[in-house]
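1. Predicted model and sequence below, questions to follow.
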Amino acid sequence: MQKVNVVWLKRDLRLKDHQALSEALRHSLPIIPVFCFEPSLVQAKQSDDRHWRFVWQSLVDMNQELQRWDAKVHIFYQEVLPVFQYLSAHYQVQQVFSHLETGIKITYERDKTMADFFASRAIVWKEFKQQGVLRGRKDRENWSKDWNTFMSEPMQDPELSKGKFLTLSNTFMQSIEQKEIPEKWKTVQPNMQKGGESIGKKYMDSFFSDRVKNYNRHISKPELSRKGCSRLSSYLAWGNLSMRQVYQIAEKKKKEKFQVRNLTNFQSRLRWHCHFIQKFEMECRMEFRNVNRGFDEMEKPLDEMKVKAWKEGRTGYPLIDACMRCLKETGYLNFRMRAMLVSFLTHHLWQDWRTGVDHLARLFLDFEPGIHYPQFQMQAGVTGINTVRIYNPVKQSQDHDPEGVFIKKWLHELKKVPSSLIHEPWKLTGIEQELFQVKIGVDYPAPIVELELAARFAREKIWQAQKLPSVQKDAERILNKHTVPNRWP
C-alpha cells in the first residue's frame, strides 16, 4: 500500500497561516486533505444548518484555490473514525496533521477516540495550537506573555507549490458509506455572511482600510455595529482567518499610525477572545454545569412560556425582540446586545442559563464553544468573580437605538410608532394604538414581566447567593485557576 500523510481539517478552513498543512508539506509523502461533516456534530443541540452552510462554502472556497496546485479537500459526510478506518485499509497512513480544537463534549470525546485509534495503528498524530490556546494548562501563569509570543511569531503559510497531493478517486469516495450533502447547505442565504477565506479577507481588508474608524463609536450600537465592527467573528470561529493573521495586520496598521486607538481596543478584544477559549479549554464542564458550583444551590423554576417568548422575540420589550429576530435572520449581533439577551433571560425572566444557551448557539453564525459557554455564564452571574450586569432593555434601546431604526427594521408591527414612543409601546394609549396601527397584546405582546420588579428580585437573589460560603469558596478556586493576581487577564 502507498504511504501517505493526512491533513485533518476541523475549524481551520483556510490556506494562510496553517501550521498543520505547512508541517505536512515539509515531508516528502503525498498529502490527503480531509474534512468530515460528522453526523453526531451536525445533529448536536448546538448545531444549525447555518453553521454547516458556512463550512460548506468555506470548503468550496478552499477547493477553488487548491485547483491551482492540482489538489483538493476530500469532503465526507461521515464520522471521523470510519473515514480513517477506510483510509487506513487502502493506504499506509504515516502521520496525521491537525490543529487543536477547543470544542464541545462531542468533539472532545471524538478526539480521544481518534487518539486511541491512531495509537493502535502506529499513526503519529501531530496537533498544533491555534489562537495561543494550550491544552493541559493548569493555571494562567505566563499566559499573557505566551499569547503575545505566539501572536508575534511568523505566520505559517504553506508552500503549496512544493506539495505532493494525492487525489482520491471517485470510486474510492463513492465506496465509503456516507450521507449526501444537503442541498440547503449549498443554497446561499443573502442575509447571512458567506463562508470562505476569500470572503473573510474582503471583510478584513475593508475593516482595516476604512470601517475601523467607527469601531469605538459604533461597537455598542445594534445597527451601526453591523458595519462599524470588524464582522470577522465567523471567519475566526471557523478558521477562514487565523487569529495571528488578524492580530499582525492590526499591529502593522498601528505602526503606520493608522487608527491607533480603535485598533488598540480591537486588539484587546482579540486577547479576550482567546482568554475565554483558554478558560473553556481548562474547564470544559461549563458546557453543562455552573462554573461556580456554589450557584447550584440557587433555584430558578422553569417557566416554559417565558423561555418560549424569549426565543421567539415576543417578550414585549422591543429591543430584546428585535435582537432575537435579527439573530434568526442574519446570525449576527454585536456583543452588548448578546449580553443583554442573556441578562434578560437569566435575570428579568429568572431562568437558568441552560434554558437558552443552546438556542443562541444555534443562532450565532460565529458559534465558538470556548467563548460561548464562559461568556453565557458570566452574563448570567453564576461565576462568583465577575460584576453582575443586569441590562435594562429600555435604557439600552434609548441609548443605542434612539431613533428606533434597528427596532423598526426587525419589528414590522411597530414600524409606524414614532421614535419617541417606540421604546415603551405598552404605554401607547388606545387612540395612539389605532393611529399607529398596532394593538398591544394582539399585534405586539404586552411585556411578560415588570422590568423594575424583576430586576430588583434578581439582584437581591444574586446578592444573597454571592454570600453563600459555597459560592465564595469556589470563587477562590476559579480565581486561582483562571486569573493571575494583579495582572491581565
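-> Thanks, I have the structure now.
2. for the stretch 51-200 of the chain, what spans make up the helices?
-> 80-90, 105-120, 143-152, 170-175, 197-209 (DSSP state H, counting those that start in this stretch).
3. which outside residues touch the last one?
-> Which is helix 197-209. Helix 197-209 is touched from outside by 13-16, 57-58, 61-62, 65, 193, 230-232, 234-235, 240-241, 246, 249-250, 253, with contacts defined as C-beta atoms under 8 Å, 6 or more residues apart in numbering. (Each C-beta comes from the backbone N, C-alpha and C, glycine too.)
4. Could you report the distance from Asn142 to Asn148?
-> Counting by C-beta to C-beta, to the nearest Å, the gap between Asn142 and Asn148 amounts to 10 Å.
5. Show me where this structure dips below the pLDDT cut-off.
-> 484-489 (pLDDT under 70).
6. Can you classify Lys221 by secondary structure?
-> coil (DSSP: H, G, I helix; E, B strand; the rest coil).
7. Just give the nearest non-adjacent residue to it, would you?
-> His400 (5.0 Å; C-beta to C-beta, 6 or more residues apart in numbering).
8. and the one you found, how many residues sit next to it?
-> His400: 21 surrounding residues under other C-beta atoms under 10 Å.
9. all numbers from here: first residue = 28
-> Okay, using 28 as the starting number, the last item reads as His427.
10. mind listing what it touches?
-> By C-beta under 8 Å, 6+ apart, the neighbours of His427 are Ser247, Lys248, Pro249, Arg363.
11. try Gln121
-> Contacts of Gln121 by C-beta under 8 Å, 6+ apart are Lys30, Val31, Asn32, Leu56, Ile150, Val151.
12. Closest one to Leu161 out of these, please.
-> Set against Leu161, the nearest of the contacts of Gln121 by C-beta to C-beta is Val151 (20.2 Å).
13. Would you mind measuring from the residue nearest to the closest one when sequence neighbours are not counted to Ile150?
-> Nearest non-adjacent residue to Val151, counting by C-beta to C-beta, 6+ apart: Gln122, 4.5 Å away. Gln122 sits 7 Å away from Ile150, taking C-beta to C-beta as the criterion.
14. returning to that earlier point: narrow the contacts of helix 224-236 to those in helices?
-> Judged by DSSP state H, the contacts of helix 224-236 include Gln84, Ser85, Asp88, Met89, Glu92, Ser261, Tyr262, Val273, Ile276, Ala277, Lys280 as members of helices.
15. Which parts of the stretch 278-427 of the chain are strands?
-> With DSSP state E, counting those that start in this stretch, there are no strands along the stretch 278-427 of the chain.
16. mind listing the helices for it?
-> So, for the stretch 278-427 of the chain - with DSSP H, counting those that start in this stretch - the helices run 287-309, 331-339, 345-357, 362-370, 384-390, 396-407, 420-427.
17. Quick one: closest of the ones you listed to Leu462.
-> helix 345-357 (17.8 Å).
18. Name the residues of the closest one that are buried.
-> By neighbour count on 16 or more other C-beta atoms under 10 Å, the buried set for helix 345-357 is Pro345, Leu346, Ile347, Asp348, Ala349, Cys350, Met351, Arg352, Cys353, Leu354, Lys355, Thr357.
19. For that helix, enumerate the helices and strands it packs against.
-> helix 331-339, helix 362-370, helix 384-390, helix 420-427, helix 432-437 (3 or more C-beta pairs under 8 Å, 6 or more residues apart in numbering; DSSP states H and E).
20. Among these, which comes closest to Trp453?
-> That would be helix 420-427 among the helices and strands packed on helix 345-357, by C-beta to C-beta, at 10.4 Å.
21. Just want the angle from that closest one to helix 362-370.
-> Interaxial angle of helix 420-427 relative to helix 362-370 (axes from the mean of the first three to the mean of the last three C-alpha atoms, to 10 degrees): 170 degrees.
22. Contacts only, for the residue nearest to Val151.
-> Taking C-beta under 8 Å, 6+ apart as the test, what Gln122 contacts is Asn32, Val33, Ala51, His54, Leu56, Ile150, Val151, Trp152, Lys153.
23. cool, and His117?
-> Counted by C-beta under 8 Å, 6+ apart, His117 has contacts Met28, Phe199.
24. returning to that earlier point: ok, of the ones in helices among the contacts of helix 224-236, which one's closest to Ile203?
-> For the ones in helices among the contacts of helix 224-236, with Ile203 as the reference and C-beta to C-beta as the criterion, the closest is Met89, at 20.6 Å.
25. which ones are touching the closest one?
-> Met89 touches Leu40, Arg41, Leu42, Val100, Gly223, Glu224, counting by C-beta under 8 Å, 6+ apart.
26. And Ser252, by the same measure?
-> His245, Ile246, Asn361.
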